[in-house]
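Participant: This is a predicted model, with the sequence first.
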2 protein chains.
Amino acid sequence: MSLNVSHMPDRAGVLRAAVKVAAILPPTPLLPLDVDGRTIWCKAECLQPVGAFKIRGAWHRLTELTQDQRSKGVVGVSSGNHAQGVGWAARRLGIAATIVMPTDAPRVKLDATRALGADIMLYDRPGGENRDQVAAELILETGATLVHAFADPWVIEGQGSAGIEIAAQMEAMEGAGPDLIVCPCGGGGLSAGLALACPEATIVPVEPVGWDTVNRSLAAGELVPVGADAPPTPCDSLQPPVTHALNLELLQGRIPYVATVTAAEVRAAQRLAFAKLRLVVEPGGAAALAAVLAGKVELQPRTVVVLSGGNTDPAAFAQVISTVD
Amino acid sequence: MSLNVSHMPDRAGVLRAAVKVAAILPPTPLLPLDVDGRTIWCKAECLQPVGAFKIRGAWHRLTELTQDQRSKGVVGVSSGNHAQGVGWAARRLGIAATIVMPTDAPRVKLDATRALGADIMLYDRPGGENRDQVAAELILETGATLVHAFADPWVIEGQGSAGIEIAAQMEAMEGAGPDLIVCPCGGGGLSAGLALACPEATIVPVEPVGWDTVNRSLAAGELVPVGADAPPTPCDSLQPPVTHALNLELLQGRIPYVATVTAAEVRAAQRLAFAKLRLVVEPGGAAALAAVLAGKVELQPRTVVVLSGGNTDPAAFAQVISTVD
């Protein structure tokens, strides 16, 4: 597998990112949740200013651009959360940002990205248009820097800063770091970052059923894209067409297994987070909790579940909490 | 006005409560929120384990009971949040708890209080039954200790611990304590606690329109109960029939004014907290934010709004977020 990256992400980079993130963002809370008489800890990344952990990687990446790179702007590709992370960091640093977003992204994510001042370039995801190609053409024209949603070394290190926070919080409360971190997984940026951040912890990524490109790629030892027959999923933030060699390289041999969750399991997790944590968690953000509730992950004494995002249309959320599957 | 209390709550008591609370509960986050281009800070007390700040006062009160008092149990009177606070603290300390709750309390609050192991004694609030009398008879029978929801010296000190946290968080982020704290107000326990905790800050309590017993009592200089013609309000946690001499004594001369909010203003605040903070806030918990959004409170440079609770029935919340007034 050939990797064409400027540097391999590493734990030193994660620690550097954690310091930069801590300077502008207070730690998100690690909230206890009783699951069948056992306490697990929920890392509420949905409480970040943009409603998702993506602000971490974007901030680490954009702050390390050169002046020349900054002047030419950045391009992101995202269904919405990475978009807002890049938009937020770009606005704060005075960098022009263009985000390539699918036409079927949730309205709240399109609106929020626009509100941050980013330009949006729509592509036809349901129609099969290739988002990477749209971004590549734009970059060729402008000389802008691509900020990949999950396969960028700095983005991975930045997402890992969540793991540094988790370790510190767990240490303070329970006297030792986490044994297990269960996290939602799209392309594998957060999973890879957490793996670097917490070398002693087991990391279990969770993907939507049928959209498990990381799972299949790890099993095959090579990139396996999502099949054309992948079922519909409410997890709009966990739908990359395929993971990346960089993520695979970092996760290979480090992940005991990947769990997959159904739409109904995700809804059940959203309802529990509403009722017991008073948190708004979007479908993709609830995937890890869904896997734990469905008994698909073997709990360990100090288990952490990442609630990775909370950007969801009110009508969709209203329907989830007012129905029982 | 004659006060029949064991001791006057004071700042030393608030500080003592804050130390005890900090030993078992991590601080709830102080989240930035953009309101018309200005940043206000939202104290997310809905993220407490019982979904409301009431856990603070209950913990401070119950931990200071003597062994003899503990053995005879405690009695609380509450529509649900104080109930859960007392239930949570009692379970943790191995104390028997009975809560006098109205028949029309939200189902989630009744269920959650039962789940904490407390006995529930229902009274007919819509029918005008006197809850204090129900509690008094129970106490006469059992020798249990009353834990008043807002007029107990320890409960007031305990609620004030939120102010100590706010001051520390604001100091860390902005280099100085809060100028203004806007908080939902039922009987005035939280308002009085915050007034003691943050002597430099302006405190503005917010009550539902027509249920403004604290407002009217402060204006009259004596206890003025809620009128029989008070309109319906969704703020079930802010409906005490009348405030108490102790709260009045602590608030008199300390509060510049009290704001009142309508049901529609409360719903707008719940929707904003959903969309921008990804928090589930119950109607009463959103009252202070509602007043700020409605322009009923003059903002100061470092303004804090307390989001005091998040226990709400899913069907009710679904309706709030899926409609626009």
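Facilitator: Perfect, thanks for sending it.
Participant: what's the spacing between residue A:232 and residue A:290?
Facilitator: Per CB to CB, to the nearest Å, residue A:232 is found 16 Å from residue A:290. For every residue, glycine as well, the C-beta is placed using N, CA and C.
Participant: who has more neighbours, the two?
Facilitator: residue A:290 (32 against 8; other CB atoms under 10 Å in any protein chain shown).
Participant: What strand or helix carries residue A:155?
Facilitator: helix A:153-174 (DSSP states H and E).
Participant: which other helices and strands contact that helix?
Facilitator: helix A:11-24, strand A:30-35, strand A:38-44, helix A:54-63, helix A:189-197, helix A:245-251, strand A:303-307 (3 or more CB pairs under 8 Å, 6 or more residues apart in numbering or on different chains; DSSP states H and E).
Participant: what's whichever helix or strand comes after that helix packed up against?
Facilitator: Downstream of helix A:153-174, the next assigned helix or strand under DSSP H and E is strand A:180-184. Here strand A:180-184 touches helix A:189-197, strand A:202-208, helix A:287-293, strand A:303-307, going by 3+ CB pairs under 8 Å, 6+ apart.
Participant: Let's have those in a markdown table, adding mean pLDDT.
Facilitator: Listed next are the helices and strands packed on strand A:180-184 as a markdown table, based on pLDDT from 0 to 100:
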| stretch | mean pLDDT |
| --- | --- |
| helix A:189-197 | 98 |
| strand A:202-208 | 98 |
| helix A:287-293 | 98 |
| strand A:303-307 | 98 |
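Participant: looking at these, which is closest to chain B?
Facilitator: Nearest to chain B among the helices and strands packed on strand A:180-184 is strand A:303-307 (9.3 Å), distances taken as CB to the nearest CB.
Participant: Would you list the strands that that closest one pairs with, along with their directions?
Facilitator: strand A:38-44 (parallel), strand A:180-184 (parallel) (DSSP bridges).
Participant: Report how many residues lie close to residue A:301.
Facilitator: 11.
Participant: Contact residues of the stretch 151-300 of chain A facing chain B?
Facilitator: A:169, A:173, A:271, A:274-275, A:277-281 (CB under 8 Å from any CB of the partner chain).
Participant: Remind me what the one helix or strand residue A:75 maps to packs against, helices and strands.
Facilitator: Per DSSP H and E, residue A:75 falls inside strand A:74-77. Counting contacts by 3+ CB pairs under 8 Å, 6+ apart, strand A:74-77 is packed against helix A:81-93, strand A:97-102, helix A:131-142, strand A:145-147.
Participant: residue ranges with poor pLDDT in chain A?
Facilitator: Low-confidence segments of chain A, defined by pLDDT under 70: A:1-3.
Participant: what distance separates the helix or strand containing residue A:68 from the centre of its chain?
Facilitator: Here residue A:68, judged by DSSP H and E, is contained in helix A:67-72. Remark: helix A:67-72 is offset 26 Å from the chain centroid, using CA atoms, centre = their mean, to the nearest Å.
Participant: center of chain A - which residue?
Facilitator: The residue lying closest to the centre of chain A (CA atoms, centre = their mean) is residue A:190, at 5.3 Å.
Participant: In contact with that one: list those residues for me.
Facilitator: Residue A:190 is in contact with A:53, A:150, A:159, A:162, A:183-184, A:306, A:308, counting by CB atoms under 8 Å, 6 or more residues apart in numbering or on different chains.
Participant: Dump these to CSV, plus distance to residue A:217 and neighbour count.
Facilitator: Listed next are the contacts of residue A:190 as CSV, based on distance: CB to CB, whole Å; neighbours: other CB atoms under 10 Å in any protein chain shown:
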residue, distance to residue A:217, neighbour count
A:53, 22, 29
A:150, 13, 27
A:159, 18, 35
A:162, 23, 31
A:183, 17, 28
A:184, 17, 33
A:306, 21, 30
A:308, 20, 32
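Participant: Chain neighbours aside, what residue packs nearest to residue A:257?
Facilitator: Leaving out its chain neighbours, the residue that sits closest to residue A:257 by CB to CB, 6 or more residues apart in numbering or on different chains is residue A:204, at 6.7 Å.
Participant: Likewise for residue A:182?
Facilitator: residue A:288 (4.2 Å).
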